[in-house]
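In: Just a sequence and a predicted model for now, questions to come.
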Amino acid sequence: MAAVMPPPGPAAATPRDGERRTLAWQILGAAVLLALLWVLREAVIVGFGAVLVAAALLAGARPLCRRTGLQRRWAVLLVLTAVTVIVALLAWGLGDPVGEQLRALRDSLPRAWDSLQQWLARQPWGLPVLDWFGDTKEMQLPWGGLGGVATGTLHALSVALLIVLMGIYLAVDVPLYRQGLVRLFPLSRRERVSAALHDAGHALTKWLLGQGVVMLAVGVITTLGLMLIDMPMAIVLGLIAGLLEFVPFFGPVVAGLLVVLVAFPEGPQMALYAAGVMLAVQQVENHLLTPLVQRWAVELPPVLSLGSVLVFGTLFGLPGIVFGTPLMVLVMVLVRRLYVEETLEQRAPSGAG
């Protein structure tokens, strides 16, 4: 008599099934996180701006704490006072010249644009270029759009003030906020998350220091180079070039185009000299400044730098372009510590390279 087989029961779960469920939850979590970033993109930018301010303040406060034994909050307030005094002295010493050059720059831009169009119209290859942009008779700078930007100045200043205040509070008591964020994770992951946040903050501080050195050097070299060729408004153009250096790739290009455009009313020869100065500055930056700074600062691959501007610019608009590179530094460290090292490399077999 044949034996009666018991009805088949549910199959036992295998380790591969657990990995698949974990991967599915990770993909779902990433999708939810991206959706939240899109919905709360303005708050994310403000929060990250505060993190940058806090990282800059802590870059100066930590050495004071180590050498003098000051508490963190007093060291942060001392650094903030020093920065305020330096900015006030610079504004007192350079305020009038910079203000006059800014007004001259504002008044000269329409004239520079007309000069460029006239010069292009006289060149054999200039008319196709103008036709590519549009009708030469109707081709004008969008001054109406500039008026709209001016009306939003108060809003931008209020947001900047909010970022600074949040950054100060964050720098004064950064362990409190970091521990509060870490407590949102399970107990088994808190130590690794805390270490990842510490490493991300350290990398962000080093990137800010390195970028600050490059911005200062580019601003000074550009100003001296433009003064050497008797370029008008050299100080304010050097200041703009230094500030735009915060945005890799696109910032230097915009600064170079602006300098060449402002030089056109002085003649095509002056525009050629100005282009030569900006090209020389970029060569000094690419082959001397950046390699020296990256020896002790964070080295971000060029593809990631360019991709960060494109990706975060698409997500967050102009603020995403400005903050794209430091955001990529933060994301790169967190992904490496929390996903690559913890998930991928721990799953790899012992003989994997």
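Out: Perfect, thanks for sending it.
In: use CA for all of it now, contacts and neighbours both
Out: Noted.
In: which outside residues touch stretch 207-223?
Out: 55-56, 59, 234-235, 237-243, 245-246, 277-278, 281, 285, 289-290, 293-294, 297-298, 326, 329 (CA atoms under 8 Å, 6 or more residues apart in numbering).
In: I'd like the average pLDDT over that stretch.
Out: Mean per-residue pLDDT for stretch 207-223: 90.
In: Now that stretch: buried residues?
Out: 207-212, 214-223 (16 or more other CA atoms under 10 Å).
In: same question, stretch 37-57
Out: Quick answer for stretch 37-57 (16+ other CA under 10 Å): 37, 41, 45-57.
In: Among the residues you listed, find me the one that's closest to Asp199.
Out: Ala55 (12.2 Å; CA to CA).
In: Which neighbouring elements make contact with the host helix or strand of the closest one?
Out: Using DSSP states H and E, Ala55 falls within helix 41-68. On a contact count with 3 or more CA pairs under 8 Å, 6 or more residues apart in numbering; DSSP states H and E, helix 41-68 meets helix 72-121, helix 153-172, helix 187-228, helix 302-316, helix 318-335.
In: which residues touch Gly256?
Out: 241, 275, 278.
In: Counting neighbours, which of these comes out on top?
Out: In terms of neighbour count, Ala241 stands highest of the contacts of Gly256 at 28 neighbours, by other CA atoms under 10 Å.
In: Just to check, Leu334 is in contact with Ala196?
Out: Yes: Leu334 is in contact with Ala196 according to CA atoms under 8 Å; the separation is 5.9 Å.
In: quick one: the closest residue in space to Leu289 that isn't next to it in sequence from Pro319, how far?
Out: Of all residues not flanking Leu289 in the chain, Val214 sits nearest, at 6.5 Å (CA to CA, 6 or more residues apart in numbering). Noted for Val214: a distance of 21 Å to Pro319, by CA to CA, to the nearest Å.
In: same question, Leu33
Out: Distance of Leu33 to Pro319, given as CA to CA: 19 Å.
In: give the contact list for the nearest residue to Leu80 once chain neighbours are set aside.
Out: Computed as CA to CA, 6+ apart, the closest residue to Leu80 that is not its neighbour in sequence is Leu57, at 7.0 Å. Going by CA under 8 Å, 6+ apart, Leu57 touches 76, 79-80, 168, 171.
In: swap in Val51?
Out: Counting by CA under 8 Å, 6+ apart, Val51 touches 167, 170.
In: What pLDDT is listed against it?
Out: 91.
In: Check the one 5 residues further on too.
Out: Looking at Ala56, its pLDDT stands at 89.
In: That one against Thr205, yeah?
Out: Yes: applying CA under 8 Å as the test, Ala56 and Thr205 come out as touching, 6.4 Å apart.
In: joint contacts of these two?
Out: Counting by CA under 8 Å, 6+ apart, nothing touches both Ala56 and Thr205.
In: circling back to that earlier point, now, the contacts of Gly256 that are in helices?
Out: Among the contacts of Gly256, the ones falling in helices (DSSP state H) are 241, 275, 278.
In: ok, for the first one, nearest residue in space, not its chain neighbours?
Out: The one in question is Ala241. Once flanking residues are discounted, Ala241 sits nearest to Ala255: 5.2 Å by CA to CA, 6+ apart.
In: Would you mind listing where the stretch 251-353 of the chain has pLDDT under the threshold?
Out: 295-296, 298-299, 343-353 (pLDDT under 70).
In: Pro268 - nearest residue in space that isn't next to it in sequence?
Out: The nearest residue in space to Pro268 (CA to CA, 6+ apart) is Trp119, at 7.9 Å.
In: Distance-wise, check the one you found relative to Met332.
Out: For Trp119, the distance to Met332 - CA to CA - is 46 Å.
In: Over to Val259?
Out: Where Met332 is concerned, Val259 sits at a distance of 34 Å (CA to CA).
In: These two: which has the busier surroundings?
Out: Set Val259 next to Met332 and count neighbours by other CA under 10 Å: Val259 wins out with 25 against 15.
In: From what I see, that one and Tyr273 are in contact.
Out: No: look at Val259 against Tyr273 with CA under 8 Å: they stay out of range, at 10.3 Å.
In: Need the residues touching each of the two.
Out: Common neighbours of Val259 and Tyr273 are not found (criterion: CA under 8 Å, 6+ apart).
In: In which helix or strand does the residue lying closest to Ala275 once chain neighbours are set aside reside?
Out: Setting aside the residues directly before and after it, Ala275 is nearest to Val260 in space (CA to CA, 6+ apart), at 5.9 Å. Using DSSP H and E, Val260 sits within helix 250-263.
In: Buried residues of that helix, list them for me.
Out: Under the neighbour-count criterion of 16+ other CA under 10 Å, helix 250-263 has 250-253, 255-256, 258-263 buried.
In: How about stretch 76-93?
Out: Those would be 76-80, for stretch 76-93 by 16+ other CA under 10 Å.
In: again, but for stretch 103-112
Out: Neighbour-count burial for stretch 103-112, counted by 16+ other CA under 10 Å, picks out 105, 109-110, 112.
In: and of those, the nearest to Arg72?
Out: Leu105 (42.5 Å).
In: roughly how far apart are that closest one and Arg111?
Out: From Leu105 across to Arg111, the span is 10 Å (CA to CA).
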